[in-house]
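1. how would this look folded up:
(one chain, ligands or ions: 1)
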Amino acid sequence: MQQATKCPVCGSVTETSSNFGMNTVFYECPTCGRFELRGYNALSKCDRNHLSSYLFYHRFKSDDYTEYRYHTNLEKETCDQYRAEFEQGNNTHGHPVHMDEDIVNSWFPRSFAEKVDDILLRIFQLTPHMGQQIHLSYEEMLSLFFIDRKERDMVLSSKTYGQWCDREEDDCINETQFILEFLNNSGYIDFNWGIKGSVGQNLFVRLLPSGYSRVDEIQKNTSYGRSALVAMKFGSDTIPLRESIRKGITDAGYIAIFIDEVQHNDFITPELLKHIRDSKFVVVDLTHQNNGAYFEEGYAMGLGKQVIQLCNEDTHLHFDVAQKNTIMWKEEADIPERLTNRIKATID
Ligand SMILES: [Zn+2]
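-> As a prediction, the model looks like this:
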């Protein structure tokens with residue numbers, strides 16, 4: 001059953017469909033994109049402010065009807081299984097992308113400077129052509145600028161003590177204005193407030209030449225970000241390898257990006273190149289000798305990124321890459337600890 005309701009994360013008017021038997025609701029939110037929440041209290045532990053920005057920065061929009069990806073709090077293992085089915089042409093569950101509190105909280109920028117960099121990159125991504133203004137609804141604006149839309153009610157005598165409540169719209173707008181003025185005074189953007197409508201104040205923002213320069217700098221700067229792209233052969237036969245690599249990267253304090261979890265085709269796309277540029281370093285497993293992995297390694301090296309190579313002992317390496325210092329592994333179980341140590345030794 002489809003109906004319009006308020007998005008539980010950001011408050012936008014949203015299309016939902018529910019499967020009450022499974023305690024599952026699917027949302028098509030104009031701000032957060034496609035996502036699914038399972039369980040009665042799916043949001044009880046989550047920081048709504050972090051989650052709303054996370055979804056806006058990673059959203060899957062269904063504008064072209066070919067988007068099968070969606071965020072979900074379904075367990076990782078089940079997501080992997082559904083995705084494997086999807087790759088084989090079974091679209092019963094689409095292409096789920098797992099999210100949980102740890103993923104959301106470790107992504108969320110900690111410092112003001114990190115927020116500013118993330119905001120500029122996101123405006124850059126949302127701008128189709130140079131010099132264009134982008135339009136942001138009130139809800140999009142709060143998510144983009146990391147403005148808290150919820151706060152815990154801490155008034156002891158109130159009925160909602162300890163619960164998440166909406167902040168005053170004026171407070172949110174004042175905070176947005178503060179960041180907008182900073183970005184404008186730095187020469188990065190200009191902006192106009194739109195007409196205040198029934199769903200709140202909206203905003204027009206435009207990236208200026210200094211903003212583009214800053215975006216270039218951020219993208220080239222290898223010290224930016226906490227993510228690491230992993231290039232390898234994807235498929236059901238390499239799941240243990242994938243998880244071992246993920247563990248090695250996570251244990252070192254970084255976020256592993258597997259491109260098949262964020263895009264659903266095998267081509268070298270602008271999105272893939274963007275993920276390589278955004279990564280602090282790249283991990284390549286050359287066991288299966290696929291061209292994609294070689295290409296991604298070359299592209300990353302061209303950008304001056306550190307590349308960590310892995311390979312199964314039984315594989316004969318291509319001459320050009322054989323001389324690089326490579327972690328040769330016998331079993332997947334060897335990988336996490338060695339990879340974590342290598343990251344700590346060469347990246348941190
Ligand atoms: Zn939403």
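2. So stretch 144-154, near the ion or not?
-> No. Judged by C-beta under 5 Å from the ion, stretch 144-154 and the ion are separated, with a smallest distance of 10.4 Å. Every C-beta, even on glycine, is put in place using the N, C-alpha and C of the backbone.
3. Let me see the mean pLDDT of that stretch.
-> Here stretch 144-154 scores 91 as its mean pLDDT.
4. Return the helix or strand in the protein with minimum mean pLDDT.
-> helix 319-322 (a mean of 61; mean pLDDT, DSSP states H and E).
5. Just name whatever secondary elements the helix or strand following that helix is in contact with.
-> Tracing the chain past helix 319-322, the next element assigned as helix or strand by DSSP states H and E is strand 326-329. Applying 3 or more C-beta pairs under 8 Å, 6 or more residues apart in numbering; DSSP states H and E, we find strand 326-329 packed against strand 306-312, helix 335-346.
6. Give me the neighbour count for residue 166.
-> Neighbours of residue 166 under the rule other C-beta atoms under 10 Å: 10.
7. I'd guessed it sits against residue 153; true?
-> No. The criterion here is C-beta atoms under 8 Å, and residue 166 misses it with residue 153 at 10.2 Å.
8. As CSV, the helices and strands packed on strand 326-329 with mean pLDDT would be great.
-> Written out in CSV, the entries for the helices and strands packed on strand 326-329 read as follows (pLDDT from 0 to 100):
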stretch, mean pLDDT
strand 306-312, 91
helix 335-346, 90
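9. what's the closest of these to the ion?
-> Between the ion and those, the shortest gap by C-beta to the ion is with helix 335-346, which sits at 34.4 Å.
10. So what touches that closest one?
-> Residues from elsewhere that reach helix 335-346 (C-beta atoms under 8 Å, 6 or more residues apart in numbering): 228, 241, 244-245, 247-249, 251-252, 254, 281, 283, 306, 308, 310, 327, 329.
11. Could you list which of the residues you listed belong to helices?
-> 241, 244-245, 247-249, 251 (DSSP state H).
12. now, which of these sits nearest the ion?
-> Of those, the one sitting nearest to the ion (C-beta to the ion) turns out to be residue 249, at 29.2 Å.
13. Residue 78 and residue 244: what is the separation?
-> 20 Å (C-beta to C-beta, to the nearest Å).
14. Between the two, which has more neighbouring residues?
-> More crowded of residue 78 and residue 244, by other C-beta under 10 Å: residue 244, with 23 against 14.
15. can you give me the helices for the stretch 51-200 of the chain?
-> Secondary structure of the stretch 51-200 of the chain (DSSP state H, counting those that start in this stretch): helices located at 76-87, 101-107, 112-126, 138-144, 169-185.
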